[in-house]
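S.K.: using only what follows, build the 3D model:
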Amino acid sequence: MTTAELIQYYVNLLIIQYHEKPKAKAHIEAIVTECVADQLIAQVRDGFDIETAVGAQLDIVGKYVGIPRIVNGFPFGRDYFEMPSYDDPSPTTYFGFGLYGAEPAHYFAYYADAENQYIMNDYEMRYIIKLKIAQQNSNHSLESIDDIVDEFFQVSGSPILSVTDNLDMTINYDFSGDIQIIHRLAVYLDCLPHPAGVQPITTGL
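M.R.: The predicted model follows:
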């Protein structure tokens, strides 16, 4: 309902004695216009709709469910620029040029190993948040776990994850097929649903 329609709705609620009185209608219109405030409250509500939120809006939703935009320590396999030393026997295995100097040589590679930081884009953030919400609202029965897996772990209509209850307080998550970085993020951020006290075992990543 638009703002104009909302104002007209309340004007129409006037009792019949005031329907033909312009001042009465104008009075109600003025009051409702101030109260509605161009539907600011609805705009705030809709600004955090998980399907349409972007940027900082998603960051705020992520804080509520425990999902950060910047993921520390995530091994995502990015290539860094490296500088091998002059006497390196195989300098072609590095990216960059030979450093005619002393060790340590591979500064960028060392930095990458010391601290990986992956910044999720909005698509990845939205996917992970929705999966985390589904995990938090699951009753963690095998049926509900299968439903979550069917919804979130398909690529082009093909399943990439199968679930097996080992009946020994462990559950197997076996990945195969066209696995994407969002699926690896889901595992790294502990978004796979599993009952409390049951150890998830992940293979195939």
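S.K.: which parts of this protein are strands?
M.R.: 70-72, 117-119, 154-155, 158-159, 161-165, 170-175, 199-203 (DSSP state E).
S.K.: least confident of the ones you listed, on average?
M.R.: Among those, strand 117-119 has the lowest mean pLDDT, at a mean of 84.
S.K.: and stretch 53-72, what's buried?
M.R.: Ala53, Leu58, Asp59, Val61, Gly62, Val65, Ile67, Arg69, Val71 (16 or more other C-beta atoms under 10 Å). Yep, even glycine has a C-beta here, placed from its N, CA and C like the rest.
S.K.: gap between that stretch and the chain center?
M.R.: Relative to the mean C-alpha coordinate of its chain, stretch 53-72 is positioned 7 Å out (C-alpha atoms, centre = their mean, to the nearest Å).
S.K.: just for this structure, where's the confidence low?
M.R.: Segments of the chain classed as low confidence (criterion: pLDDT under 70) are 76-116.
S.K.: excluding chain neighbours, give the residue nearest to the residue nearest in space to the middle of it in space.
M.R.: Centroid-nearest residue in the chain, with C-alpha atoms, centre = their mean: Met125, separated by 2.4 Å. Nearest residue to Met125, sequence neighbours excluded (C-beta to C-beta, 6 or more residues apart in numbering): Leu58, at 4.8 Å.
S.K.: pull up the gap between the one you found and Val65, please.
M.R.: Using C-beta to C-beta, to the nearest Å, Leu58 is found at 11 Å from Val65.
S.K.: now Val163
M.R.: From Val163 to Val65 the distance is 22 Å (C-beta to C-beta).
S.K.: domain ranges for the protein?
M.R.: The chain breaks down by automatic domain parsing into domains covering 3-43, 79-115, 122-203.
S.K.: looking at these, which is buried most?
M.R.: Mean neighbours per residue, mean count of other C-beta atoms under 10 Å, is largest over those for domain 122-203, with a mean of 15.
S.K.: show the end-to-end separation of it, please.
M.R.: 27 Å (C-alpha to C-alpha, to the nearest Å).
S.K.: can you start the count at 661 instead of 1 from here on
M.R.: I'll keep to 661 as the first residue from here, and by that count the last item is domain 782-863.
S.K.: run the chain-centre distance for it.
M.R.: 14 Å.
S.K.: if we can go back for a sec, possible to save the domains of the chain as JSON lines with distance to Asp709?
M.R.: Below are these laid out as JSON lines (distance: least, C-beta to C-beta, whole Å):
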{"stretch": "domain 663-703", "distance to Asp709": "11"}
{"stretch": "domain 739-775", "distance to Asp709": "34"}
{"stretch": "domain 782-863", "distance to Asp709": "11"}
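S.K.: who touches both of Leu718 and Val725?
M.R.: Shared contacts of Leu718 and Val725, defined by C-beta atoms under 8 Å, 6 or more residues apart in numbering, comprise Ile789.
S.K.: residues in contact with Ile779?
M.R.: Arg729, Ile730, Val731.
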